[in-house]
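Undergrad: predicted model follows, preceded by the sequence.
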Amino acid sequence: MAAYLAIDLGTTGCRSMVFDGSLNVLGSEYEEYGLITGENGLAEQNADLWWRMSMRTAKEAIRRSGIAPGSINGISVSSQGITVVPVNERLEPLCNAISWLDIRAKDETELLKIKEGDEKVFQLTGKHIDAVYTLPKLMWLRNNRRGIFDSAYKFLMPMDYLTGKLTGKCVTDHSMASGTLLYDIRRQCWSRDLLGKYSIPEEKLPPILWSGETAGTVLPEVASELGISPECPVAVGAQDQKCAAFGAGLDEGIITASLGTACAITKLWDSPRPEKFSSVGWCGYVRKNAWVTEGVINTAGAALRWLRDSLYGGEGYEIIDNEAEEAIKGAASGGNSVLFFPYLSDTDAEGAFSGIGLGSKRGDLAAAVLEGVAFRMRLLLERMDVCRDKGSIVLFGGGAKSSLWCRIIADITGMTVMVPKTEEAACAGAAMLAAMGCGADLPHLGYERTVQPSERKKAYDEKYRKYCETGRLLMGGEIL
């Protein structure tokens, strides 16, 4: 039986999964890890730990699958993006990886804004200048850790690093490269203009291949530890949100949305158009002649967790859903009057409730949180030129377990919501890429349930209008 190993290295944990040729899960294992934080926005991770956890979870996932390890036909990696680690020629980290959450490169970010201008950089890279991206981090390294910068053989992102440790070959893909602020979104290559201006040697960056291309075969010591064939190919993977979109079936007329701690909404394009759509970031995708826009809500599931911890004192999400459902049913207009703005970790906006009265109960606030995230999803879909009442949203992640939240999203967006048979879409996408590296073609995830917009859609249209009006008043301008 053909089987494929997928490794998904996220920001807070590592999951390995084994899939069969029909994309059924055969075995899975997960380990959590944390961030190393400090002053001035420092956020780092131990890249050696990434590798050790990847090997441990991969071995356990293979064991749990019940298949012979030699049945693993291919491997691929999905990972967090933007995070960067300098390595030597033996692929040993020269320091901790600088996380995408690290914002210490404030001075370098301001210099880029002054010298280049945000609009110019956005038109070139599809990204607005921000300290989270890789270029300011590399500039900071050069300015503050010059010995490490100069001695680095490569600057690798997490997917690149794990692929390198598996094969000995340093490569990246277009979805990872487009998170660096060094990627020419139209030409689909490293921007030699930016590399030259900011003294980043191109040879220190990994070459860009297409996801699904073969990076190499596993190193003998890796094959021995996992018990797999040393001829097992490792396919180039992708950034986790793009892997997840691929696994969930992103296509023309099909939007994908991961509803976890954050929410990332992804739309497929046949050409990049940053000059027309600038409210969301542009990224390379896993295949040629395809680009994606990605709208992000930083606190989606995190907002619901905050509500649970603050008002529900250890009660489960089922209680929250039940009380929210009662609040919605009890309102004559199809939704209670309370509004919630889910900007709990944004620097340019503040989270808020509006419309609370003496009669408001915690169920009203729960409904408002679920609706507020859905209203923000609708805003982002409009910024991406998605036509309402047409097409579908594939919704995955922990939030998709809530039937109520799925119904609210369908009613507010006016789109059909489809929920895949596993929430681990990033691993599924990586397995599909692993199969491509072997010359095979796996189907995308099948759908467990489908939710159509209901009669509440009209009432939510009116509430959305009020949401936008109130948001503009609260924030003193247009809201995103």
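TA: In hand now; what should we look at?
Undergrad: what about G38, how many neighbours?
TA: 11 (other Cβ atoms under 10 Å). (Each C-beta comes from the backbone N, C-alpha and C, glycine too.)
Undergrad: whoops, I mixed them up, L138
TA: Neighbours of L138 (other Cβ under 10 Å): 27.
Undergrad: check the gap between it and L194 for me.
TA: 11 Å (Cβ to Cβ, to the nearest Å).
Undergrad: okay, and the common contacts of these two?
TA: Shared contacts of L138 and L194, defined by Cβ atoms under 8 Å, 6 or more residues apart in numbering, are found at I200.
Undergrad: now the closest residue to R383 other than its chain neighbours. Its backbone dihedrals?
TA: Of all residues not flanking R383 in the chain, S279 sits nearest, at 4.0 Å (Cβ to Cβ, 6 or more residues apart in numbering). Dihedral pair for S279: phi -80, psi -10, per degrees, to the nearest 10.
Undergrad: which parts of the stretch 151-300 of the chain are helices?
TA: With DSSP state H, counting those that start in this stretch, the ranges of helices along the stretch 151-300 of the chain come out as 158-167, 174-177, 192-197, 220-226, 240-248.
Undergrad: what residue of the protein is the furthest out?
TA: The C-alpha centroid of the chain is most remote from L358, which lies 39.5 Å away (Cα atoms, centre = their mean).
Undergrad: which of the three states applies to that one?
TA: coil (DSSP: H, G, I helix; E, B strand; the rest coil).
Undergrad: where does it land on pLDDT?
TA: We note a pLDDT of 88 for L358 in this prediction.
Undergrad: show me the contacts for it.
TA: If you count contacts by Cβ under 8 Å, 6+ apart, L358 has none.
Undergrad: try D102
TA: Residues in contact with D102 (Cβ under 8 Å, 6+ apart) are G41, L42, A43, E44, A131, V132, K137.
Undergrad: tell me, how many residues neighbour F353?
TA: F353 has 15 neighbours, counted by other Cβ under 10 Å.
Undergrad: element containing it?
TA: Per DSSP states H and E, F353 falls inside strand 352-354.
Undergrad: partner strands of that strand, with direction?
TA: Within its sheet, and counting by DSSP bridges, strand 352-354 is paired with strand 339-341 (antiparallel).
Undergrad: average pLDDT across the partner strand?
TA: 94.
Undergrad: same question, stretch 105-122
TA: Rounded mean pLDDT across stretch 105-122 is 96.
Undergrad: which residues are contacting that stretch?
TA: Stretch 105-122 is contacted from outside by 40-41, 127-131, 135-137, 139-140, 143, 181, 194, 197, 274, 278, using Cβ under 8 Å, 6+ apart.
Undergrad: start and end of that stretch, how far apart?
TA: 19 Å (Cα to Cα, to the nearest Å).
Undergrad: can you list the low-confidence ranges for the chain?
TA: Regions of the chain meeting the criterion pLDDT under 70 cover residues 331-336, 346-349, 389, 477, 480.
Undergrad: rerun at 50
TA: Residues of the chain that meet the criterion pLDDT under 50 lie in 333-335.
Undergrad: which of the contacts of stretch 105-122 fall in helices?
TA: Members of the contacts of stretch 105-122 lying in helices (criterion: DSSP state H): L135, P136, K137, M139, W140, N143, L194, K197.
Undergrad: ok, those residues vs G168, which is closest?
TA: Lowest distance from G168 to those (Cβ to Cβ) belongs to K137, with 25.1 Å.
Undergrad: count the residues that sit near the closest one.
TA: 27.
Undergrad: that one contacts V85, doesn't it?
TA: No: checked against Cβ atoms under 8 Å, the pair K137 and V85 is beyond contact range at 10.3 Å.
Undergrad: what's the overlap in contacts for the two?
TA: Taking Cβ under 8 Å, 6+ apart as the criterion, K137 and V85 both touch I98.
Undergrad: just the C-alphas of stretch 49-61, formatted as PDB.
TA: What follows is stretch 49-61 as a C-alpha-only set of coordinates in PDB (Å, rounded to 0.1, in the frame of the first residue of the first chain):
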ATOM      1  CA  LEU A  49      14.300  21.300  18.600                       C
ATOM      2  CA  TRP A  50      12.300  21.600  15.300                       C
ATOM      3  CA  TRP A  51      14.300  18.800  13.900                       C
ATOM      4  CA  ARG A  52      14.200  16.500  17.000                       C
ATOM      5  CA  MET A  53      10.400  16.900  17.300                       C
ATOM      6  CA  SER A  54       9.900  16.300  13.600                       C
ATOM      7  CA  MET A  55      11.800  13.000  13.800                       C
ATOM      8  CA  ARG A  56      10.000  11.900  17.000                       C
ATOM      9  CA  THR A  57       6.500  12.700  15.700                       C
ATOM     10  CA  ALA A  58       7.300  11.100  12.300                       C
ATOM     11  CA  LYS A  59       8.500   7.900  13.900                       C
ATOM     12  CA  GLU A  60       5.400   7.800  16.200                       C
ATOM     13  CA  ALA A  61       3.000   8.600  13.300                       C
END
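Undergrad: quick one: buried residues of that stretch?
TA: Applying a neighbour-count criterion of 16 or more other Cβ atoms under 10 Å, one finds W50, W51, M53, S54, M55, T57, A58, K59, E60, A61 buried in stretch 49-61.
Undergrad: ditto for stretch 434-442
TA: A434, A435, M436, G437, C438, L442.
Undergrad: same check, this time on stretch 75-86
TA: So for stretch 75-86, counting by 16+ other Cβ under 10 Å, buried means I75, S76, V77, S78, S79, Q80, G81, I82, T83, V84, V85, P86.
Undergrad: need the phi and psi values for the fourth one.
TA: So the one you mean is S78. Torsion angles at S78 (phi, psi; degrees, to the nearest 10) stand at phi -110, psi 140.
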